[in-house]
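**Student:** sharing a model that was predicted from the sequence below.
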Amino acid sequence: MGVRRGRSERSAHAQPLPRHARNREDEPDPYAAVHAEGHRASRTDGLVDPYPHGELPADRYAGHPDHQDHPDHADDPGHAASYPDEPDPYADFADGPVTVVLDRGRADAFVPPRGKRPDDYAVLVPFRPRRPSPAGPELAGDDPASGPLRTGAALGTPDLDHRELAELERRYRDRAGRDATAASRLGLMLLRRGEDDEAETWLRRAAEAGHRGAATNLGVLMHRQDRWDEARRWWYRAAEAGSRIAAFSLGALLLDALPEDASVHDNDDVSQALYWLRNAAEAGHVRAALVLGEFHEQQGQSGAERWYRRAAEAGHPEAAYRLGRHGQERGDERAASAWFLRAASCGHIRAAVRLARILHRAGDTGEAESWFRLAAEEGDPGAARALGFLLQDAGDADGAAHWWRRSAEAGDGTAANALGALLATEGRHAEAAHWYERAAATGESNGAFNLGLLHTARDDEASAERWYRMAAYAGHADAANALAGLLLSRDDEEEAEVWFARASEAGSVDGSYNLGILYARRSTPDGQAAAEKCWARAAEGGHPDAALQFGLIQERQGADEEAARAYRVAAAAGRTIAAVRLAGLLARLGDTDGAEHWYAVAAEDGHVPAMLRCGVLLARRGAEGSAARRFRAAADTGSIAGAWNLGLVHLRRGDPEGAEPWLRAAAEGGHGRAAMRLVVLALKAGDTRTAERWCAPVIAHAPPELAERARLLLRALRAEMAS
């Protein structure tokens, strides 16, 4: 029983060939039985991209800690050794744009972005209090009784415990009323604890005092509370003060707030959004560069790769992945693999999958397997599916089953179908049916088709028809062909023709061939013409039986070149009759070498007339040894002509004793010329009685002229014997 193992990552199904009863006649039956059974389909040659081109990840702006890239980040007081009672030493440092634009605003209320949450735009400007380092300036105004309290930013120092944090909060509260930095840090501590109302109070106080980190975080809080206009206002204020995080958040917010049908040309919000995103990106904000690249790509504008490259070189894996994808689109797989490797090395799963595919196409299956395995272990179902096929090709059926099962349990229908096919080959049909059903439930039509094949093998036509119909309605060409064959077996030729036509339209060469048979049965000029078209279509798709039928039609019409092309397709696929017809056609066209080759092909397949014709061609060019082997093979099958020709070869070699048994075999089979040769041999040996005996078969079976000579000779022999 055949199974379709459907492999979506390989691009095209190899079409199955119907089971074929060889016809050794020179003229094949053009109305052979319709082939409607299912077939084993080859897996395809590429891997499907589980992430189609252009699909964006859900975390569009999340996942890259831009604020950790630069220790001198102005928005992060915790990265610098600044203390609550001291003024922010980086208050005048601008890590954002040098110039700003006026907020042109909107005439109406700000429209919130569709489905965006605050952390899609900005992260809280961080402050990570640390345990005091062994040395450093004391806090101004520290209580001598409690000892000095420092917030060293040295890497590797452990975070403060609850007691220390409580003490730090107390000190912030003492200073928050007169120090914007302390108010900002106190607000952030409260915000992280979920005390939004009080956090807002202190963040607002610090922001109004000009603290840009507080303004950025206040914008985040406003955004979380769906207070869009305020979020926008505070991000704008922080961006003007040089915060690249706020500039990025403001630009992304403006872009995402645009209506879906909004034009990007001459749009103030788009211009302002791009301005802030560019300023953030040029100041080193990695995700801003990514978003700019994405915007240019979506608009079909040049410059996308420039921004992606900026982000990728700063370490953003998604940007490296996008660059790799652009390289693939240009056909530069070397550059693509370099970027995919950079992204995959950072844990980017889609990049790992694409890199694995490139390696697999290049023949480096070992390295491809390692990247597929990495992605599969991270839960990517497409990678697990591809890994399963690699392991199956390597002969590791258990490993393939393991990864297909994981992929199928994650909802991958192709993997479920592949697992079912593997189980079916092991005879575990009940388990195979379970996975086929899961594949069918995901819309994988190969699963439904294979279920039809299982039920056909069990002679459960009703269930088979149900699954065939499900797959056929989904556009599965082989299922449509199988359904049509099932209907034809019930003499429902009308509906069978409909499904054969659908199978043909969907690319099934079996469907085209079978539809041609139905048309040819009508014995009308229109039916014959329609059959010819169907067989031509199937022949172009490589169907050998259709190619044979089409070749016969073309040969009868005198289109020798078309006929030869069609016969070659069929002969190359093992259709012996096609090889014989092709050889005969080439012989008539004067191509004796080609004729000899195809006669030899048919002879090796056991075709007796081909053995004889090949032997004749060999003998004519002096290759009597090879000719004798062909004639002997024919004679061993009982061929009278084979025995006669083999006898002639022995005679030409001057070996009458070797020729005599083969001539006798031919003569006893009714070959008049062989009998005449025996008469001549007997006369040469002086054996008149034997010569007289062989004259009778000559008279009975030889051509008239030779028979008349045998009569005259017989009279002479009898007269001589009587005298």
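**Tutor:** Okay, I see it.

**Student:** contact partners of the one helix or strand Glu720 maps to?
**Tutor:** Assigned by DSSP states H and E, Glu720 belongs to helix 704-722. Helix 704-722 has contacts (C-beta atoms under 8 Å, 6 or more residues apart in numbering) with 672-673, 676, 679, 688, 691-692, 695-696, 698-700, 702. To be clear about C-beta, it is placed using only N, CA and C from the backbone, and glycine gets the same treatment.

**Student:** list of residues touching the host helix or strand of Glu437?
**Tutor:** Glu437 is part of helix 429-441, with elements assigned from DSSP H and E. Residues from elsewhere that reach helix 429-441, judged by C-beta under 8 Å, 6+ apart: 6, 408, 413-414, 416-417, 419-421, 423-424, 446-448, 450-451, 454, 467, 470-471.

**Student:** where does pLDDT dip in the stretch 251-400 of the chain?
**Tutor:** 260-266 (pLDDT under 70).

**Student:** if you set the cut-off to 80 instead, what comes out?
**Tutor:** For the stretch 251-400 of the chain, residues meeting the criterion pLDDT under 80 lie at 258-267.

**Student:** helices of that one, residue ranges please.
**Tutor:** 268-282, 286-298, 304-313, 317-329, 333-345, 349-361, 365-377, 381-393, 397-409 (DSSP state H, counting those that start in this stretch).

**Student:** cool, the stretch 401-550 of the chain as well?
**Tutor:** Using DSSP H, counting those that start in this stretch, the helices of the stretch 401-550 of the chain run over 413-425, 429-441, 445-457, 461-473, 477-489, 493-505, 509-520, 525-540, 544-556.

**Student:** between the helix holding Glu437 and helix 461-473, how big is the angle?
**Tutor:** Interaxial angle of helix 429-441 relative to helix 461-473 (axes from the mean of the first three to the mean of the last three C-alpha atoms, to 10 degrees): 30 degrees.

**Student:** which residues belonging to helix 429-441 are considered buried?
**Tutor:** 429, 432-433, 435-440 (16 or more other C-beta atoms under 10 Å).

**Student:** and what of stretch 507-525?
**Tutor:** Residues of stretch 507-525 classed as buried by neighbour count (16+ other C-beta under 10 Å): 507-520.

**Student:** can you check stretch 704-716 too?
**Tutor:** Counting neighbours by 16+ other C-beta under 10 Å, stretch 704-716 gives 707, 709-710, 713-714 as buried.

**Student:** just give me the closest of the residues you listed to Trp662.
**Tutor:** Distance to Trp662 across the buried residues of stretch 704-716 (C-beta to C-beta) is lowest for Ala710, with 20.2 Å.

**Student:** excluding its backbone neighbours, what's nearest the closest one?
**Tutor:** For Ala710, ignoring the flanking residues on the chain, the nearest one in space by C-beta to C-beta, 6 or more residues apart in numbering is Val698 at 3.8 Å.

**Student:** who touches the one you found in this structure?
**Tutor:** By C-beta under 8 Å, 6+ apart, Val698 lies in contact with 672, 675-676, 679, 706-707, 710.

**Student:** that one and Met676, how far apart?
**Tutor:** Going from Val698 to Met676 by C-beta to C-beta, to the nearest Å gives 5 Å.

**Student:** pretty sure Ala610 contacts Glu596?
**Tutor:** No - counting by C-beta atoms under 8 Å, Ala610 does not reach Glu596; the two are 10.4 Å apart.

**Student:** more neighbours, the two?
**Tutor:** Shown here are Ala610 and Glu596; by other C-beta atoms under 10 Å, Ala610 has more neighbours (27 against 22).

**Student:** per-residue pLDDT, that one?
**Tutor:** In this model, Ala610 is scored at 94, pLDDT.

**Student:** over to Gln15?
**Tutor:** On pLDDT, Gln15 comes in at 32.

**Student:** cool, and Gly141?
**Tutor:** Reported pLDDT for Gly141: 30.

**Student:** just Glu720 next, same as before
**Tutor:** 80.

**Student:** residues near it, how many?
**Tutor:** For Glu720, the neighbour count with other C-beta under 10 Å is 10.

**Student:** so Trp234 sits right up against Ala215, yeah?
**Tutor:** Yes - between Trp234 and Ala215 there is a contact under C-beta under 8 Å: 4.8 Å.

**Student:** joint contacts of the two?
**Tutor:** Common contacts of Trp234 and Ala215 (C-beta under 8 Å, 6+ apart): 207, 246.

**Student:** how far is the lowest-mean-pLDDT helix or strand in the chain from where the chain is centred?
**Tutor:** Between all helices and strands in the chain, the lowest mean by mean pLDDT, DSSP states H and E belongs to helix 704-722, at a mean of 86. Helix 704-722 has its C-alpha centroid displaced from the chain centroid by 80 Å (C-alpha atoms, centre = their mean, to the nearest Å).

**Student:** from the middle of its chain, how far away would the helix holding Glu437 be?
**Tutor:** Distance of helix 429-441 from its chain centroid, counting by C-alpha atoms, centre = their mean, is 22 Å.

**Student:** next, the angle helix 413-425 makes with it.
**Tutor:** Calculated by the same axes, to 10 degrees, helix 429-441 forms an angle of 160 degrees with helix 413-425.

**Student:** tell me the average confidence for helix 429-441?
**Tutor:** 96.

**Student:** could you verify my assumption that Ala209 touches Ala183?
**Tutor:** Yes - with contact defined as C-beta under 8 Å, Ala209 reaches Ala183; the gap is 7.4 Å.

**Student:** surely Met614 meets His597?
**Tutor:** Not quite, residue 614 is Cys, not Met. No - here Cys614 lies out of contact with His597, judged by C-beta under 8 Å, at a distance of 9.1 Å.

**Student:** please say which of these two ends up with more neighbours.
**Tutor:** Comparing Cys614 with His597 by other C-beta under 10 Å, the one with more neighbours is Cys614, at 29 against 18.

**Student:** so which helix or strand takes in the more buried one?
**Tutor:** Per DSSP H and E: helix 608-620 holds Cys614.

**Student:** mind listing what's buried in that helix?
**Tutor:** Burial within helix 608-620, assessed by neighbour count using 16+ other C-beta under 10 Å, is assigned to 608-619.

**Student:** once you drop chain neighbours, what's closest to Arg652?
**Tutor:** Among residues not flanking Arg652 along the chain, Glu624 sits closest, at 6.8 Å (C-beta to C-beta, 6+ apart).

**Student:** residue contacts, that neighbour?
**Tutor:** Glu624 neighbours (C-beta under 8 Å, 6+ apart): 618, 649, 652-653.

**Student:** ok, now with 7 Å
**Tutor:** Taking C-beta atoms under 7 Å, 6 or more residues apart in numbering as the contact definition, Glu624 lies against 649, 652-653.

**Student:** pretty sure Ala573 contacts Asp545?
**Tutor:** No - with contact defined as C-beta atoms under 7 Å, Ala573 and Asp545 do not form a contacting pair (8.8 Å).
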